[in-house]
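> Predicted model and sequence below, questions to follow.
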Amino acid sequence: MFKRKLKPVRSVLECKVLSERDIVKIHQAALEVMEEAGVRFPSERALNVLEEAGCPVDRQTMVAKLPSGLVMDCLRRAPSQYLLAGRDPKDDLWIDDKTSYLSTDGCAVDFYDIRTGELRRSTKQDITDACRVADYLPEISYIWGPPVSAQDVPAAVRPLHEIEASMDGTTMHIQPETVISRTIARFALEMAAAVAGGKEALRKRPLFSYMQCATDPLGQDGGSLEASMVAAEWGIPTGFMPMPMSCATAPATLAGNLVVTTVDAVSPLVLMQLVNPGAPVYFAAAPTAIDLQTGGYTGGGPEDFLLAAAFSQICRFYQIPLAMGAFATGSKEPDWQAAVDNCFSGLLPVLTRTAILNGAGTLNGSKIFSLQALIMDAEIYSIIARVAEGIEVSDETLAVELIKKIGPGGNFLAEKHTRQHMKEIWRPVVYDRKPYGAWLESGKRGAFEEATEKARWILENHAVQPLEPGIKQEFSRIIKAAEKELAG
């Protein structure tokens, strides 16, 4: 069994695109919008909780207005640090204000087949394969999504099959985003409890957390709200991801976009804290600007990078962890465009100390998953990690005595100091550094070819700690029970 060692990132460098004054103005604007315009919560359960807490509720429009005092009280209740547990404790993640982790992206509907090279619809087995490759890579810290949609199973219970397939492929923490009903949430938590050893054990070691999407602007999805309310009752971390597009579901200005993003992230936090004060909640976001030619989601561009860095600062102001959409390039293949997008979209969140970066492995604005892209994104992240470490300046690293000893024209290769520190130098896995002649002899193999070979090797050789047979039987029972209840 091959077990990779997790490589989280702790940046000593820091980037700021907003001043403290800017952050306060965006915060005040968001409070004003929540209190005066309100947010749509299309769930009677959610509206009941909000109304009981003193929020003015319009049952016809399903809009609740959130008093500023209540919002601030709920923000203070939410923890700023907590555990995202792995099935294997070695994969545990501690979410704090210092460490950045990278995950896969979620729910792509197309998959580049590693064996044929053809693009096809995704399956349940593709989830397990993607998770196995991610499980091997030290840069990937947990699974978001799942990476692709299991389109070969019944849609009604698809999220449960996807959880099973993910757990078959990794011992890392899993964060499903397809649990979007109260019923499915209950069955999904039963599956997690079966692995953890019971409901209370799951509360102490949450093996998965929930990610839901907002319905920008100023709205939430009813099924997602109710699923997350169940999660909050169980003490399972949950978060909502706004994806406002400037010029469409947000103002054209980036500051206006940040107000919408803040409202759509903060408002469900208020609900979760009312359901269970102190429940772990995180912010999530993938703000962007509309493509002015097609009207579509850009999936990469300077606005995306600025918005990501800015909202990370806003979340640090609130002392709430952030999961930021990153790496989900609009490129259709892992090419030059993908590399440019993913370098910037990965670097700025790390330099603003974002807790979680979602997106490794996807293309075409999160619609296509590629194992080669996953490996190449992990390599990009390893470069970002090295940059974020900065430069240590100490007597040991200055090496003055050694430099004087070697003197003019000398060589440092054989020195003990070199042997001690040479492992700190970044080394590539798929990055091409071959001499030109060797590159020609290799058939002009580059990063894509190296990543293809690496992915095939991982699928053939990397073994993941299997689920116990009893747990697999319990999964089967739960899924069948869900099928029966939903069919009824």
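Now that the structure is in, tell me what you want to look at.
> which element is the residue sitting nearest the centre point of the chain on?
Geometric centre of the chain, nearest residue: N358, 2.7 Å, by Cα atoms, centre = their mean. Here N358, judged by DSSP states H and E, is contained in strand 356-360.
> which residues touch the next helix or strand after that strand?
Past strand 356-360, heading to the C-terminal end, the next element that is a helix or strand (DSSP H and E) is strand 362-363. Residues outside strand 362-363 that contact it (Cβ atoms under 8 Å, 6 or more residues apart in numbering): 104-105, 108, 147, 327-329, 331-334, 338, 368-370, 373. Placement of C-beta: from N, CA and C, glycine included.
> List the strands paired with strand 362-363, with their directions.
Strand 362-363 has the following strand partners under DSSP bridges: strand 368-369 (antiparallel).
> distance between the strand it pairs with and the chain's centre?
Using Cα atoms, centre = their mean, to the nearest Å, we find the averaged C-alpha position of strand 368-369 to lie 15 Å away from the chain's own average C-alpha position.
> Convert the C-alpha atoms of stretch 346-364 to PDB, please.
Written as PDB, here are the backbone C-alpha positions of stretch 346-364 (Å, rounded to 0.1, in the frame of the first residue of the first chain):
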ATOM      1  CA  GLY A 346      -4.200  29.300  -6.800                       C
ATOM      2  CA  LEU A 347      -1.500  31.800  -5.800                       C
ATOM      3  CA  LEU A 348      -3.700  34.700  -4.600                       C
ATOM      4  CA  PRO A 349      -5.900  32.700  -2.300                       C
ATOM      5  CA  VAL A 350      -2.800  31.100  -0.700                       C
ATOM      6  CA  LEU A 351      -1.200  34.500  -0.200                       C
ATOM      7  CA  THR A 352      -4.400  35.700   1.400                       C
ATOM      8  CA  ARG A 353      -4.400  32.500   3.600                       C
ATOM      9  CA  THR A 354      -7.600  31.000   2.300                       C
ATOM     10  CA  ALA A 355      -8.400  27.900   4.300                       C
ATOM     11  CA  ILE A 356      -9.500  25.700   1.300                       C
ATOM     12  CA  LEU A 357      -9.000  25.900  -2.400                       C
ATOM     13  CA  ASN A 358     -11.600  23.900  -4.400                       C
ATOM     14  CA  GLY A 359     -11.100  23.100  -8.100                       C
ATOM     15  CA  ALA A 360      -8.100  20.800  -8.900                       C
ATOM     16  CA  GLY A 361      -8.700  18.600 -11.900                       C
ATOM     17  CA  THR A 362     -11.500  20.400 -13.700                       C
ATOM     18  CA  LEU A 363     -11.700  22.100 -17.000                       C
ATOM     19  CA  ASN A 364     -14.300  24.100 -19.000                       C
END
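> follow-up on the earlier one: where does confidence bottom out across the contacts of strand 362-363?
For those, the weakest pLDDT value sits at A328, with 78.
> And it, how far from A252?
Relative to A252, A328 is positioned 22 Å away (Cβ to Cβ, to the nearest Å).
> How about A339?
28 Å.
> now swap in P466 and tell me
Counting by Cβ to Cβ, the separation of P466 from A252 is 52 Å.
> now A289
The gap separating A289 from A252 is 8 Å, by Cβ to Cβ.
> care to break this protein down by domain?
For the chain, the structural domains run 9-17+75-388, 395-424, going by automatic domain parsing.
> Out of those domains, which gets nearest to Y431?
Comparison of those against Y431 by Cβ to Cβ identifies domain 9-17+75-388 as nearest, at 6.1 Å.
> Distance from the closest one to the middle of the chain?
In terms of Cα atoms, centre = their mean, the centre of domain 9-17+75-388 is found 3 Å from the chain centre.
> What degree of burial does I236 show, as a neighbour count?
Residue crowding around I236 was assessed by other Cβ atoms under 10 Å; the count is 23.
> is it fair to say it lies in a helix?
No. Secondary structure of I236, determined by DSSP: H, G, I helix; E, B strand; the rest coil: coil, with no helix assignment.
> Assign a three-state SS to the nearest residue to T123 once chain neighbours are set aside, would you?
Spatial nearest neighbour of T123, chain neighbours left out: D152 (4.6 Å); criterion: Cβ to Cβ, 6 or more residues apart in numbering. Three-state call for D152 (three-state DSSP): coil.
> cool, E32 as well?
helix.
> list the contacts for it?
The neighbourhood of E32, defined by Cβ under 8 Å, 6+ apart, consists of S68.
> just checking, G219 touches V263?
No. Because the distance of 9.7 Å does not satisfy Cβ atoms under 8 Å, G219 is recorded as not touching V263.
> These two: who's more crowded?
When G219 is set against V263 and neighbours are counted by other Cβ under 10 Å, the residue ahead is V263, at 27 against 20.
> Could you check which helix or strand contains that one?
Using DSSP H and E, the element containing V263 is helix 254-275.
> Report the buried residues of that helix.
254, 256-275 (16 or more other Cβ atoms under 10 Å).
> What ranges does the stretch 51-200 of the chain have for its helices?
Under the criterion DSSP state H, counting those that start in this stretch, the stretch 51-200 of the chain contains helices at 68-77, 124-136, 158-169, 182-196, 199-204.
> Pull the fourth one out as CSV, backbone CA atoms only.
Listed in CSV are the C-alpha atoms of helix 182-196, where the atom choice follows Å, rounded to 0.1, in the frame of the first residue of the first chain:
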residue,chain,number,x,y,z
ARG,A,182,-33.6,16.8,3.9
THR,A,183,-34.2,13.2,3.1
ILE,A,184,-31.0,12.6,1.3
ALA,A,185,-29.1,14.5,4.0
ARG,A,186,-30.5,12.1,6.6
PHE,A,187,-29.4,9.0,4.7
ALA,A,188,-26.0,10.5,3.9
LEU,A,189,-25.4,11.2,7.6
GLU,A,190,-26.4,7.6,8.4
MET,A,191,-23.7,6.4,6.0
ALA,A,192,-21.1,8.7,7.6
ALA,A,193,-22.1,7.5,11.0
ALA,A,194,-21.7,3.9,10.0
VAL,A,195,-18.1,4.6,9.1
ALA,A,196,-17.4,6.8,12.1
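> helices and strands around it, which ones?
Applying 3 or more Cβ pairs under 8 Å, 6 or more residues apart in numbering; DSSP states H and E, one finds that helix 182-196 contacts helix 158-169, helix 199-204, helix 222-234, helix 469-487.
> tell me the angle it makes with helix 222-234.
Between helix 182-196 and helix 222-234, the angle formed by their directions is 40 degrees, by axes from the mean of the first three to the mean of the last three Cα atoms, to 10 degrees.
> what does helix 182-196 rub up against?
With Cβ under 8 Å, 6+ apart as the contact definition, helix 182-196 has outside contacts at 85, 87, 157, 159-160, 163-164, 167, 176, 179, 199, 201-202, 205-208, 210, 223, 226-231, 234, 236, 467, 471, 474-475, 478-479, 481-482, 485-486.
> Mark which of the residues you listed are buried, thanks.
Among the contacts of helix 182-196, the ones that count as buried by 16+ other Cβ under 10 Å are 85, 87, 157, 159-160, 163-164, 167, 176, 179, 202, 205-208, 210, 223, 226-231, 234, 236, 467, 471, 474-475, 478-479, 482.
> how many neighbours does K367 have?
17.
> residue contacts, it?
Shown in contact with K367 (Cβ under 8 Å, 6+ apart): A108, V109, D110.
> Test my guess that the second one contacts V148.
Yes. Using Cβ under 8 Å, V109 makes contact with V148 at a distance of 7.2 Å.
> anything in contact with each of A289 and A252?
For the pair A289 and A252, residues contacting each of them under the criterion Cβ under 8 Å, 6+ apart are S246.
> And the two? Which one has more around it.
In this view A289 and A252 are compared by other Cβ under 10 Å, and A289 has more residues nearby, 22 against 12.
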